[in-house]
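> Sequence first, predicted model second:
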Amino acid sequence: MKISTTDAVSPATASKPLGFYHCVLLALAITLGGLASSLWHYFLLSGIYAGLVMFLVLSFAYSVLLMSLSELVGIVPFSGGNFGFVRCALGPFWGYLAACMEFLYYCMYNARSLTKISLLVEAAGDFHPDLQPLWAFLSITFIVIMSLRGGLTFWSLMMLATLFTIVILAIFYVGAYSHLDFKGYGLGYNYTPQYHNDGFIGNEVTFVGNIVRAITFYVGLDVLPLCSLRVSEASQVIPRALMTSFGVVFVLSLLAIVGVACHYPGVHPSLTRTTFVLQYGLSDAINMNPERFPLLLIPPTLASCAGYVYASGNQLAAMSESGLMPKLLQPRYGTDQIPVVSMVACGVMQFVVYYMVYLFAPHITFFLGHLTVLSATSLFILVCLSFIAFRIKFSSMTRNFVSPLGIPGAACAALFWAFIVVVNSNDQVQSHSEPIKAFYIFVAIVVAYYFIHVRHVQFFSKEEQEKFMKAYVLNANRQRRGKSGLPRSMLVRWRRAIGAVLRRSAIRNSYSSDESSSSNNEQKHRVEDVSTETISSVVKVRPVLSGIARSVHSLGRTLAVGVEDAVASVSNEFYPIGDAAVVEDRGLETAPPAGHLEMHAEEEAPLSLLLPLPLP
């Protein structure tokens, strides 16, 4: 049965709401697959001490990012991905750019995973290299089918793949740590004197060039907000799952770094000729033909790929529901609300990207990995800036998780991610310029597409209106009182952009409401915390709002304080966040609902009366 994309969604509608352990397993399935099969060990060529410094610095930056994201989810759990927070905090354009970076990040990572799967199958079965596209096609087809089936099948396979990956890593740790030699392999003393080192090899350029590879340890943890649609009490569960997953990945990654660096071949140039970094530790732990070791790494890589198909499909559907992508990608089906069209489209695009790079790019893994890092770090910068904006502009909103490092930590993390973008955009540090050119061509295309088309058709989805309305009202109050700390010109541009999108959303909702009432007169909508007196008061305020709109247009001023309070009060009642939503600087609090009022769709108050008035 098709689930309408205009209806409010609740985890209760799913066949079985996801819990804390489901979220942790999804995060670990994505990240541990990269730990088991990626080429992260290349960064150890800078020396074991340099590698540990890179890992710790990156761990700090990523922990700050996850704490910032956890606080944002703790305020408003948005199932469309990170772009919703950016859209609310920084405006429609930056939200659209974040959505494009997020989608490119997922697509490139999965295309890279298809490359690894095809190489693993080829190595395990001694197949001809020309068959690599066939193995990639069969893999993405299997993953998409499992993702479309959803429910118990999908989550059971993800759980089994995660447990299998943890078992493989445990076997590797046993084998590697039983033959650990820090001085001999970590510092190169088992080799000729030319390979002896003090833990730091190369210069600064080598260091900053290799630090990028350490990002592989954590990419994937940031996709968890996309589960908000199906998670019960998402604002509390997802922050805990994010931080728990980070702690597990930190420990397992640190053990893997020491195990690889201090075990044969160690920090030695021959390490770059190792495609499967765990094979030496596994060979010391189990009696198995080394040529068959790639078979053990196929399930973790498939699980990582499946997690990104799930994430990219839901994110693409959310973009479509906000007018950023064609309407064709919106439909969700079944009790699990699976975006069938979006998931199939993502699978097709990811395979096409893989195949095009396979045909034309001489360094497949490097090309896709470089694009993944550029897009992911660009997204991380916008998320950190959004966290700072929420802390400044929406400080009174209830938070189920509070980042202990606050704005200073987020600012440091944003600078670090910006540094990574600059390093990856320098062809003197990175030996290949093709992915750099491809990335900035992509950015230019999506920016041009935004100003030509998207800015005229975008709107706020039903979920965005329900979950972010409180933030828009609070932001309007702060702008009215001049407490946002931003230049007035920036505020005017932000307000005009938001107003245009809100007006389009209001028109769209009005049309959807009329269509719904004509097709099914028996359908009812339950609206909480609304009384008939409130609705009548809103209707009476409409002439006043029209006069104020003319005043705003001519004088460039925001709504009067009395009207702002009326709009904020009504918005709080229609879109409550938490048990008691406090309107900033006004001391107003919505009381717990005394009851419910059932209304037909055509009897609801027009949404245009509840939204801030747009400016031309």
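All right, it came through fine.
> by contact count, what packs against the longest helix belonging to the chain?
Ranked by residue count, the top helix of the chain under DSSP state H comes out as helix 92-125. Contacting helix 92-125 under the criterion 3 or more CB pairs under 8 Å, 6 or more residues apart in numbering; DSSP states H and E are the following elements: helix 20-37, helix 83-90, helix 132-149, helix 293-321, helix 340-360, helix 364-393, helix 434-449, helix 488-519. The C-beta positions use only the backbone N, C-alpha and C, and glycine is treated the same way.
> For Tyr49, find the nearest of those.
Using CB to CB as the criterion, the shortest distance between Tyr49 and the helices and strands packed on helix 92-125 is 20.8 Å, found for helix 20-37.
> next one: the helix or strand following the closest one to chain centre, how far?
Using DSSP states H and E, the helix or strand that follows helix 20-37 in sequence is helix 48-75. When distances are taken as CA atoms, centre = their mean, to the nearest Å, helix 48-75 is centred 15 Å away from the chain's centroid.
> Quick check: which helices or strands does helix 48-75 pack against?
Counting by 3+ CB pairs under 8 Å, 6+ apart, the packing neighbours recorded for helix 48-75 are helix 204-210, helix 234-261, helix 364-393, helix 406-424.
> Can you tell me which of those helices is most buried?
The densest packing among the helices and strands packed on helix 48-75, expressed as mean neighbour count by mean count of other CB atoms under 10 Å, is seen in helix 364-393 with a mean of 23.
> just the angle between that helix and helix 83-90, please?
Put simply, helix 364-393 runs at 40 degrees to helix 83-90, going by axes from the mean of the first three to the mean of the last three CA atoms, to 10 degrees.
> So which other helices or strands are in contact with helix 364-393?
Judged by 3+ CB pairs under 8 Å, 6+ apart, helix 364-393 is in contact with helix 48-75, helix 83-90, helix 92-125, helix 340-360, helix 406-424, helix 434-449, helix 462-481.
> redo that, cut-off 7 Å
For helix 364-393, the packing partners by 3 or more CB pairs under 7 Å, 6 or more residues apart in numbering; DSSP states H and E come out as helix 48-75, helix 83-90, helix 92-125, helix 340-360, helix 406-424, helix 434-449.
> Compare those helices and report which one is nearest to Gln465.
Between Gln465 and those, the shortest separation by CB to CB is 11.1 Å, and it involves helix 83-90.
> for the record, mean pLDDT for that closest one?
The average pLDDT within helix 83-90 is 87.
> list the helices and strands it packs on?
The elements that helix 83-90 packs onto, with contact taken as 3+ CB pairs under 7 Å, 6+ apart, are helix 92-125, helix 364-393, helix 462-481.
> If we use 8 Å, what do you get?
Under the contact definition 3+ CB pairs under 8 Å, 6+ apart, helix 83-90 sits against helix 92-125, helix 293-321, helix 364-393, helix 462-481.
> Which of the helices and strands packed on helix 92-125 sits closest to His179?
Closest approach to His179 among the helices and strands packed on helix 92-125 (CB to CB): helix 293-321, 16.6 Å.
> Going by neighbour count, which residues in that closest one are buried?
Under the neighbour-count criterion of 16 or more other CB atoms under 10 Å, helix 293-321 has 293-294, 296-321 buried.
> Name the next helix or strand following that helix along the chain.
strand 332-333.
> Give the other helices and strands that that next one contacts.
Other helices and strands packing on strand 332-333, by 3+ CB pairs under 8 Å, 6+ apart, are strand 2-3.
> returning to that earlier point: right, and the helices and strands packed on helix 48-75 - which one's nearest Gln132?
helix 364-393 (9.4 Å).
> any idea how far stretch 42-61 is from the chain center?
Taking mean C-alpha positions (CA atoms, centre = their mean), stretch 42-61 and its chain are 24 Å apart.
> what comes into contact with it?
When contacts are taken as CB atoms under 8 Å, 6 or more residues apart in numbering, the neighbours of stretch 42-61 outside the stretch itself are 182, 186-187, 197-202, 206-207, 210-215, 217-218, 250, 253-254, 257, 260-262, 267, 269, 271-272, 412-413, 416-417.
> which regions of the chain lie under the pLDDT threshold?
Low-confidence segments of the chain, defined by pLDDT under 70: 1-16, 361-365, 427-431, 468-616.
> buried set for the longest helix of the chain?
In helix 92-125, the ones that count as buried by 16+ other CB under 10 Å are 92-124.
> between it and helix 132-149, what angle do the directions make?
Between helix 92-125 and helix 132-149, the angle formed by their directions is 120 degrees, by the same axes, to 10 degrees.
> angle of helix 92-125 against helix 20-37?
Taking the same axes, to 10 degrees, one finds helix 92-125 and helix 20-37 inclined to each other by 60 degrees.
> what's the spacing between helix 92-125 and its chain's center?
Its chain's C-alpha centre and that of helix 92-125 lie 13 Å apart, by CA atoms, centre = their mean.
> Contacts only, for Asn197.
Contacts for Asn197 were tallied using CB under 8 Å, 6+ apart; they are Gly47, Leu187, Gly188, Val267.
> Next up, identify which helix or strand it is on.
When elements are assigned from DSSP H and E, Asn197 belongs to no helix and no strand.
> give me phi/psi at it?
Backbone geometry at Asn197, expressed as degrees, to the nearest 10, gives phi -150, psi 170.
> measure Cys107 to Phe78 for me?
Distance, Cys107 to Phe78, using CB to CB, to the nearest Å: 21 Å.
> cool, and Asp336?
As judged by CB to CB, Asp336 and Phe78 stand 18 Å apart.
> Next: Leu255.
Leu255 sits 34 Å away from Phe78, going by CB to CB.
> And for Cys88?
Counting by CB to CB, the gap from Cys88 to Phe78 is 8 Å.
> In terms of packing, which of the two has more residues around it?
Looking at Cys88 and Phe78 with other CB atoms under 10 Å, you find the greater number of neighbours at Cys88, namely 28 against 25.
> from memory that one sits against Gly95, does it?
Yes: with contacts defined as CB atoms under 8 Å, Cys88 counts as touching Gly95 at a distance of 7.4 Å.
> which residues sit in contact with the spatially closest residue to Ala418 that is not a sequence neighbour?
Spatial nearest neighbour of Ala418, chain neighbours left out: Ile381 (5.7 Å); criterion: CB to CB, 6 or more residues apart in numbering. Contact criterion CB under 8 Å, 6+ apart gives Ala414, Trp417, Ala418, Val421 as the residues in contact with Ile381.
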